[in-house]
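Peer 1: coordinates for the following, if possible.
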Amino acid sequence: MRKNILNSFLVTAIVFTLASCKAKKIIVATPPVAQQQLPETNKKLENLQALQAKDLSFNTLALKGKADLDIDGDINSVTMNIRIKKDQTIWANITALGGALEVARAIVTPDSIKLINRMQKTYTKKPFSYIYEFTNHQIDFSLLQSVFSGNTIKVFMNESSDLKFENGVWNLSGKKEDLVYAVLFNTLLKPAETSLNDAEAGQALKVSYEKYTPLNGGLFPSKLNLQSMAGPKKIALSLEFTKIEGNTNVDFPFTVPKSYQLIK
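Peer 2: Okay, here's the model as predicted:
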């Protein structure tokens, strides 16, 4: 039973990285040389703040896209819809057959996780700490939101991290308790690759971003690749984004049919 819950949760958690813009989206190519250089000085805090200044600013996101999802070699093509209210709620649903069949629906807040599994006619309601059964304790709502929006992870952007300028780009690395992290920035001064590893627990997450599109005066990655490992469970995700709307009104419908079984 737990394996079924985990499979559903992993599928749902991954969808929160969705985004793009409407038809004829503008793609901002990553230049071979940085368009804006940070000062190569020992003032680490100033450089960290300059990198954070490139973060996308938003209040809400309404997103849609297509993804190829590989769970232990089982590959499926799905459609994903995501709605985010910054620092409060992430809502998602996953559909198949061109959007005709809903597979799962979820709401994640800083305090809770709720999941509906349409295929098994079950639902789950747990505190946010439930994910610690499957991932590192340093993973919180803010970190998830940052990874899924292509922004810097605030808890890592401090002077205790190691920040180096090498081969024309910035590299950030460090360790927070059992979690080892590394972030490679591109020449747009945006995160190009984020790696999180907990060797002792056998957990790892790697997210890479490609192609950026203008949104809210900033840049949002229009292509994303994700690889996750939690023990023997391996997941790979490739996202092609088709729609993004920023700072629009969003709601988070989540009604559980009476016939569905609560999984404790």
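
Peer 1: C-alpha only now, for contacts and for neighbours.
Peer 2: Noted.

Peer 1: can you pull out the low-pLDDT segments for this protein?
Peer 2: 1-25, 29, 33-42 (pLDDT under 70).

Peer 1: what about stretch 143-156, start to end distance?
Peer 2: Criterion CA to CA, to the nearest Å; first-to-last residue distance in stretch 143-156 is 10 Å.

Peer 1: and that stretch, what's buried?
Peer 2: Leu143, Leu144, Gln145, Ser146, Val147, Phe148, Ser149, Gly150, Asn151, Thr152, Ile153, Phe156 (16 or more other CA atoms under 10 Å).

Peer 1: dihedrals phi and psi, the last one?
Peer 2: As for Phe156, its main-chain torsions (degrees, to the nearest 10) stand at phi -90, psi -20.

Peer 1: same deal with the third one?
Peer 2: Summarising the backbone geometry of Gln145 under the convention degrees, to the nearest 10, its torsions are phi -60, psi -40.

Peer 1: for the buried residues of stretch 143-156, which one is nearest Lys86?
Peer 2: Lys86 lies nearest to Gln145 out of those, by CA to CA, at 8.0 Å.

Peer 1: relative to Gln120, how far out is that closest one?
Peer 2: The spacing between Gln145 and Gln120, counted by CA to CA, is 28 Å.

Peer 1: bridging residues for Trp91?
Peer 2: Arg83, Ile107 (DSSP bridges).

Peer 1: again, but for the one 4 residues further on
Peer 2: With DSSP bridges as the criterion, Thr95 is bridged to Thr79, Glu102.

Peer 1: give me the neighbour count for it.
Peer 2: By other CA atoms under 10 Å, the residues close to Thr95 number 18.

Peer 1: ditto for the one 10 residues further on
Peer 2: By the criterion of other CA under 10 Å, Arg105 has 26 neighbours.

Peer 1: now do the host helix or strand of it: distance to the chain's middle.
Peer 2: Taking DSSP states H and E as the criterion, Arg105 maps to strand 101-108. For strand 101-108, the separation from the chain centroid amounts to 16 Å (computed by CA atoms, centre = their mean, to the nearest Å).

Peer 1: what does stretch 125-142 give?
Peer 2: For stretch 125-142, the distance to the chain centre is 14 Å (CA atoms, centre = their mean).

Peer 1: now swap in stretch 93-110 and tell me
Peer 2: Mean-position distance between stretch 93-110 and its chain equals 16 Å (CA atoms, centre = their mean).

Peer 1: then stretch 205-224?
Peer 2: 11 Å.

Peer 1: ends of that stretch, how far apart?
Peer 2: Termini of stretch 205-224 sit 13 Å apart (CA to CA).

Peer 1: which helices and strands sit right next to the strand holding Arg105?
Peer 2: Contacts defined by 3 or more CA pairs under 8 Å, 6 or more residues apart in numbering; DSSP states H and E place strand 101-108 against helix 2-14, strand 89-96, strand 112-117.

Peer 1: next, the angle from it to strand 112-117.
Peer 2: Compare the direction of strand 101-108 with that of strand 112-117 by axes from the mean of the first three to the mean of the last three CA atoms, to 10 degrees and you get 170 degrees.

Peer 1: name the surrounding residues that touch strand 101-108.
Peer 2: With contact meaning CA atoms under 8 Å, 6 or more residues apart in numbering, strand 101-108 is reached by 8, 12, 89-96, 113-119, 128, 252, 254.

Peer 1: tilt between it and strand 89-96?
Peer 2: On the basis of the same axes, to 10 degrees, strand 101-108 is oriented at 170 degrees to strand 89-96.

Peer 1: which residues belonging to strand 101-108 are considered buried?
Peer 2: Neighbour count says strand 101-108 has Glu102, Val103, Ala104, Arg105, Ala106, Ile107, Val108 buried, by 16+ other CA under 10 Å.

Peer 1: before we move on, the earlier item: restricted to helices, list the buried residues of stretch 143-156.
Peer 2: Leu143, Leu144, Gln145, Ser146, Val147, Phe148, Ser149 (DSSP state H).

Peer 1: sounds good, over and out.
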